[in-house]
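>>> Everything below, folded, please.
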Amino acid sequence: MKIERIDDKTVKCFISNEELEEYDITYKDFVMRSDKAREILEEIIAQAVAEVNYKPPQFAFDLQIMMLPDKGMILTFTEKTPEDVKNGVSLINYLREMRRILGEKLGLDSETFAEMLVQAVSNAAAETGQQQAEPEKTVHTAPKPSFAIFRFASMRELCGYARVLPKNLRVKSSLYREGDAYYLYLEQGGASYKRYSRACIQALEFGALYAATEDKVVYLEEHGECLIAQKAIARLRL
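Numbers count the residues shown, from 1 in each chain. Got it, this is the predicted structure:
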């Protein structure tokens, strides 16, 4: 491993493909924070302390991962302040909740969820013009869900969710009511999968995932009251 200190709070570590094979570790281990990944991170931090006089983070650190084609991986550690940690807690909780929900509703296991996160990272890099290799050539990503239905207990929560979404988000949306609950059908539409996934995660702050299967859509169409057939989010934002 090659350690490089960028500044007081940032350190980079290059791990070659040979070292990754020796450690028997992959990109997904770092994404999912597996036990093997934690052991490697502790070893890297200890080496950084010894070689470049790095001071371990007092609170927490942000980890960025970049794959280099046919070469290896670069890990970048950046110390996070208490305020950074506080702001990041909500997003972490959303991701954990999303993993639980995807497992219960769609039958996706942790490995498949990791592959979806890896794909999202790759998409994000492509959008910003960064060059990033596929984590593993043998990975076969599961079909990405392109729609979901979220349940909201009140119109107030639903409108609150609509207001936090970007105005230029090109998703498709419809609104139904059954009993005392409101159901928002959210489809990827013309939005990138990255932005659509982010919108789904944000929905968990205001409501809960009801379903992501065709039969539930049919059920709502037959038994629920359609309040807004198209562009529900845009209309709820007003």
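>>> so where do the strands sit in the chain?
2-5, 10-16, 60-68, 72-80, 147-152, 172-178, 181-187, 208-211, 225-228 (DSSP state E).
>>> As JSON lines, the ones you listed with mean neighbour count, distance to Cys200 and mean pLDDT would be great.
(Glycine included, C-beta is placed from N, CA and C.) Formatted as JSON lines, the strands of the chain follow (neighbours: other CB atoms under 10 Å; distance: least, CB to CB, whole Å; pLDDT from 0 to 100):
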{"stretch": "strand 2-5", "mean neighbour count": "15", "distance to Cys200": "37", "mean pLDDT": "88"}
{"stretch": "strand 10-16", "mean neighbour count": "19", "distance to Cys200": "31", "mean pLDDT": "88"}
{"stretch": "strand 60-68", "mean neighbour count": "16", "distance to Cys200": "23", "mean pLDDT": "74"}
{"stretch": "strand 72-80", "mean neighbour count": "18", "distance to Cys200": "25", "mean pLDDT": "82"}
{"stretch": "strand 147-152", "mean neighbour count": "22", "distance to Cys200": "6", "mean pLDDT": "92"}
{"stretch": "strand 172-178", "mean neighbour count": "20", "distance to Cys200": "12", "mean pLDDT": "94"}
{"stretch": "strand 181-187", "mean neighbour count": "22", "distance to Cys200": "7", "mean pLDDT": "94"}
{"stretch": "strand 208-211", "mean neighbour count": "18", "distance to Cys200": "8", "mean pLDDT": "87"}
{"stretch": "strand 225-228", "mean neighbour count": "14", "distance to Cys200": "19", "mean pLDDT": "94"}
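>>> Of all these, which one is nearest Glu51?
Closest approach to Glu51 among the strands of the chain is made by strand 2-5 (5.1 Å; CB to CB).
>>> Show the residue spans covered by the helices in the chain.
17-23, 27-32, 35-52, 82-101, 110-127, 155-164, 193-206, 214-223, 232-237 (DSSP state H).
>>> for the fourth one, what is the average pLDDT?
Mean pLDDT, helix 82-101: 53.
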